[in-house]
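Student: Dropping a prediction and its sequence here:
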Amino acid sequence: MTLEMTEERVMPKEMNPNNGLLKEHLARYKFASNYTQGRVLDLACGVGYGTEILLAQGEKIKEIIGIDVDQESIDYAQHHYGYPLVEFIVGEGTDLNLVEKIGKFDTIVSFETVEHIEDDYKFISNLNKLLKDGGRLIISTPFGQGRDKGCSNPYHYRQYKEEEFKEMLEEYFEIELFYQLNERIEKSQSDIKYYLMVAVCDK
């Protein structure tokens, strides 16, 4: 099965393995695999490649559900990454009935998603509902000029300043913030300019 490449799709099977964007995305899933266990939700899973990484490196995973709004992406994911323990479903991250449909999770992964959603506070609130008590959320977003500033990326409603991202998450979670530059994901170092934030959030 084939799928058209777009600016917002990451498709390892169709991309040069040395592609910088691909390497950055793979690095985030490898980072997340250090924290994943139990029932895992990959929200906005795209074509599903992240589930392969999580399964390969996450020893304590019992089940992974990947959700995306795009039916073609989910069909591609089922075809290429439909492993045992993995299920792919079409769904919306802001669907308030989602928890009744798929239950709660020990771990939620959601990379480069929140900036694409108009009602971002509703989205974060829904993540909280989907996460079990004691669960963990790993979520990322690019740095930006602020939620009330214009954004050059036509697919993004906004891009956050660090304090805005933290404030939105701290309403529900205790967070530990990491920073990404290329394949490096680490605690902030003063001499490095990072482009993306990765928050590990405990409920």
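Tutor: Sure thing, it's come through. Residues are numbered from 1 along each chain as shown.
Student: Could you use CA atoms for every contact and neighbour count after this?
Tutor: OK.
Student: Name every strand pairing with the helix or strand hosting residue 42 and say which way it goes.
Tutor: Secondary structure assigned from DSSP states H and E places residue 42 in strand 38-43. In the sheet, strand 38-43 lines up against strand 61-68 (parallel), strand 105-111 (parallel) (DSSP bridges).
Student: List the contacts of the last one.
Tutor: When contacts are taken as Cα atoms under 8 Å, 6 or more residues apart in numbering, the neighbours of strand 105-111 outside the stretch itself are 28, 32, 35-45, 127, 130-132, 134-141.
Student: Now residue 201. Nearest residue, chain neighbours left out?
Tutor: Residue nearest to residue 201 in three dimensions, not counting chain neighbours: residue 175, with 4.3 Å by Cα to Cα, 6 or more residues apart in numbering.
Student: actually residue 52, not the one I typed
Tutor: Excluding the flanking residues, the one nearest residue 52 by Cα to Cα, 6+ apart is residue 81, at 6.6 Å.
Student: The one you found against residue 46, yeah?
Tutor: No: using Cα atoms under 8 Å as the test, residue 81 is too far from residue 46 to be in contact (11.4 Å).
Student: Just the buried positions in the helix ranked longest in the chain, please.
Tutor: For the chain, the helix with the greatest residue count under DSSP state H is helix 20-32. Using 16 or more other Cα atoms under 10 Å as the test for burial, helix 20-32 gives 22, 24-32.
Student: Distance from the chain centre to that helix, please.
Tutor: 11 Å (Cα atoms, centre = their mean, to the nearest Å).
Student: Going forward, count from 419.
Tutor: That works, and once the first residue is 419, the last one we named lands at helix 438-450.
Student: Can you name every helix or strand that it contacts?
Tutor: helix 467-475, strand 602-604 (3 or more Cα pairs under 8 Å, 6 or more residues apart in numbering; DSSP states H and E).
Student: what about the residue nearest to residue 470, how many neighbours?
Tutor: By other Cα atoms under 10 Å, the residues close to residue 499 number 19.
Student: Now do the contacts for the residue nearest to residue 619.
Tutor: Going by Cα under 8 Å, 6+ apart, the list of residues near residue 593 reads 584, 587, 617-620.
Student: those strands in the chain, which residues are they?
Tutor: Under the criterion DSSP state E, the chain contains strands at 456-461, 479-486, 504-508, 523-529, 549-560, 592-599, 602-604, 614-620.
Student: Tell me how many other residues crowd residue 519.
Tutor: Residue 519: 10 neighbours (other Cα under 10 Å).
Student: Residue 520 too?
Tutor: Applying other Cα under 10 Å, I find that residue 520 has 12 neighbouring residues.
Student: Find the residue closest to residue 560 in space, skipping its chain neighbours.
Tutor: Per Cα to Cα, 6+ apart, closest to residue 560 is residue 614, 4.1 Å.
Student: how near is that neighbour to residue 546?
Tutor: Using Cα to Cα, to the nearest Å, one obtains 22 Å as the distance from residue 614 to residue 546.
Student: Dump the buried residues of helix 438-450 to a markdown table, plus pLDDT.
Tutor: Shown next, in a markdown table, are the buried residues of helix 438-450 (pLDDT from 0 to 100):
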| residue | pLDDT |
| --- | --- |
| 440 | 81 |
| 442 | 90 |
| 443 | 88 |
| 444 | 92 |
| 445 | 95 |
| 446 | 96 |
| 447 | 95 |
| 448 | 95 |
| 449 | 96 |
| 450 | 96 |
